[in-house]
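Undergrad: Sequence isn't available, so here's the structure alone:
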């Protein structure tokens, strides 16, 4: 079990040289658009989500045109994301629900509500989940929330930032929100996502080239296993 000191050291290494300072704030989007971006961002890299979001903005006149479009048309715009079909249906459901409720696509009124009420409202939409709710709170509403998708949970567990038997998303999020400073929340989300894409793959993670392998308990275990295998191979009689 990782100690608080080792977790802090790993977190500082993860966040890089700027970990002791404060990062520039993430680019703000209107609440509705941030929700849609969150739908794109879950289990995707920043670049993949940005491309899909840009496609939606470029290929459709406005969000109303998106709402009345076919799922197939949205799938094409979301190409490059996993589960594009499911995301397309969630996006349509979200826009329809917002339109029926407000006859517009403006959710900026949530800025005036307290974070608890805003989060409750956001996660009340049928298309929402814990990740999207936390994403909007972190990126648009000024709250401290760490969005947890499969890649984030996998990397955080392997790095020892959350315990190995923590499968519950809410528990993992609460642990990371306690560990990661609010000013570093957005950076943590982006850096972990990049780490998952480049090194910390679900199967056969590329531990030898990972910049955090010296601090990562999983990488050290993999290294010991590889060393033991190599020694066993050398000891076999020819």
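TA: That came through fine. What you are looking at is a predicted structure, and each value in this text was computed from that prediction instead of being measured. Residues are numbered from 1 along each chain as shown.

Undergrad: how many neighbours does residue 145 have?
TA: Using other CB atoms under 10 Å, residue 145 has 23 other residues around it. (Each C-beta comes from the backbone N, C-alpha and C, glycine too.)

Undergrad: Equivalent analysis for residue 158, please.
TA: Other residues close to residue 158 by other CB under 10 Å number 23.

Undergrad: That one reaches residue 216, doesn't it?
TA: Yes. With contacts defined as CB atoms under 8 Å, residue 158 counts as touching residue 216 at a distance of 6.3 Å.

Undergrad: tell me the contacts of residue 33?
TA: Residues touching residue 33, when contacts are defined by CB atoms under 8 Å, 6 or more residues apart in numbering, comprise residue 53.

Undergrad: Mind checking what helix or strand follows the helix or strand encompassing it in sequence?
TA: When secondary structure is defined by DSSP states H and E, residue 33 falls within helix 31-41. Sequence-wise, the next helix or strand downstream of helix 31-41 (DSSP H and E) is helix 46-59.

Undergrad: Give me the residues contacting the next helix or strand after that following helix.
TA: Counting by DSSP H and E, the next helix or strand C-terminal to helix 46-59 is helix 63-67. Contact partners of helix 63-67, identified using CB under 8 Å, 6+ apart, comprise 32, 36, 56, 60, 74, 91-92, 95-96, 99, 105.

Undergrad: Please tell me which one of those counts the most neighbours.
TA: Once you tally neighbours by other CB under 10 Å, residue 36 ends up highest among the contacts of helix 63-67, having 27 neighbours.

Undergrad: Is it correct that that one is in contact with residue 56?
TA: Yes. Taking CB under 8 Å as the contact criterion, residue 36 and residue 56 are neighbours in contact, 7.2 Å apart.

Undergrad: quick one: buried residues of stretch 115-127?
TA: Using 16 or more other CB atoms under 10 Å as the test for burial, stretch 115-127 gives 118-119, 121-123, 125, 127.

Undergrad: can you give me the helices in this protein?
TA: Secondary structure of the chain by DSSP state H: the helices cover 4-15, 31-41, 46-59, 63-67, 71-77, 84-102, 115-123, 130-139, 150-158, 169-179, 185-198, 217-235.

Undergrad: can you tell which of these is closest to residue 204?
TA: When these are compared by CB to CB, helix 217-235 sits nearest residue 204, at 9.7 Å.

Undergrad: Could I get the contacting residues of residue 29?
TA: For residue 29, the set of contacting residues under the criterion of CB under 8 Å, 6+ apart consists of 37, 139-140.

Undergrad: Would you mind measuring from residue 153 to residue 57?
TA: 30 Å (CB to CB, to the nearest Å).

Undergrad: Show me which of those two is the more surrounded one.
TA: Higher neighbour count among residue 153 and residue 57: residue 153, with 21 against 15, using other CB under 10 Å.

Undergrad: surely that one meets residue 164?
TA: No. Counting by CB under 8 Å, no contact exists between residue 153 and residue 164, whose distance comes to 11.1 Å.

Undergrad: just to revisit the earlier point, specify which member of the contacts of helix 63-67 is nearest to residue 13.
TA: For the contacts of helix 63-67, the closest approach to residue 13 (CB to CB) belongs to residue 36, at 33.1 Å.

Undergrad: if I look at the closest one, how far off is residue 78?
TA: Applying CB to CB, the value for residue 36 to residue 78 is 11 Å.
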